[in-house]
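Q: Next one to model:
(one chain, ligands or ions: 2)
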Amino acid sequence: MSQLKEAAQRLLEGKGAIFYITGDAGTGKSRLVEEFKATLDLSRIQWREGHSYAYASNIPYFPFMNLLSRAWQIEEGASQERLKQKIEAGITNLLGDGKDVIPFIGSLYSIKYPETENISPDTGS
Ligand SMILES: Nc1ncnc2c1ncn2[C@@H]1O[C@H](COP(=O)(O)OP(=O)(O)OP(=O)(O)O)[C@@H](O)[C@H]1O
Ligand SMILES: [Mg+2]
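A: Ligands and ions are numbered 1, 2, ... in the order given. Sure, this is the predicted structure:
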């Protein structure tokens, strides 16, 4: 808990961190996260969650997409047009101008853009 709190403090100074919390079932992982969240000033820190599920283990970037879908209220079965609108609005809102990024995020949701049409799946970031 003290490590998480220190990291949150550094976050306010613009320094990011990644924590990997692992342990046997019922040993308090969820509780730790819940108690940590309760210590944060959520008017200064944006809390975002991306969940992953066993059934999604073969879907690339699933937890990341889950995070974006929650943040942008993308509902299951949304039409392509609506999906496109939400992604474009979400990215623009986040980055100001996100024109370079939209095709890449969009392609995670299987939206086709000319910019990503001939890119091999092996292409890195
Ligand atoms: N430090 C603690 N003091 C008292 N109770 C605790 C503490 N940590 C966890 N618990 C309790 O133990 C139970 C299991 O904790 P929790 O659900 O956080 O485990 P978990 O590691 O997330 O389990 P799972 O792997 O099944 O998701 C909960 O009822 C929780 O409130
Ligand atoms: Mg848990």
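Q: what's the spacing between the longest helix along the chain and its chain's center?
A: If you go by DSSP state H, the chain has its longest helix at helix 80-95. Averaged C-alpha coordinates place helix 80-95 at 14 Å from its chain's average position (C-alpha atoms, centre = their mean, to the nearest Å).
Q: which ones are touching I59?
A: M65 (C-beta atoms under 8 Å, 6 or more residues apart in numbering). Any C-beta I mention is one placed from the backbone N, CA and C, and that applies to glycine too.
Q: Residues of this structure that sit close to ligand 2?
A: Within reach of ligand 2 by C-beta under 5 Å from the ion, the chain has these residues: K29, S30.
Q: Please identify the buried residues of the very next helix or strand once past the longest helix of the chain?
A: For helix 80-95, the succeeding helix or strand toward the C-terminus, using DSSP states H and E, is helix 102-108. Across helix 102-108, burial judged by 16 or more other C-beta atoms under 10 Å covers I102, P103, F104, I105, G106, L108.
Q: now helix 102-108, how far from the centre of its chain.
A: For helix 102-108, the distance to the chain centre is 13 Å (C-alpha atoms, centre = their mean).
Q: Check the gap between the residue positioned nearest the centre of the chain and K29 for me.
A: Central residue of the chain (C-alpha atoms, centre = their mean): L67, 3.4 Å from the mean position. L67 is 18 Å from K29, where distance means C-beta to C-beta, to the nearest Å.
Q: Now for I87: which residues touch it?
A: L68, W72, I74, I102, I105, G106, Y109, I111.
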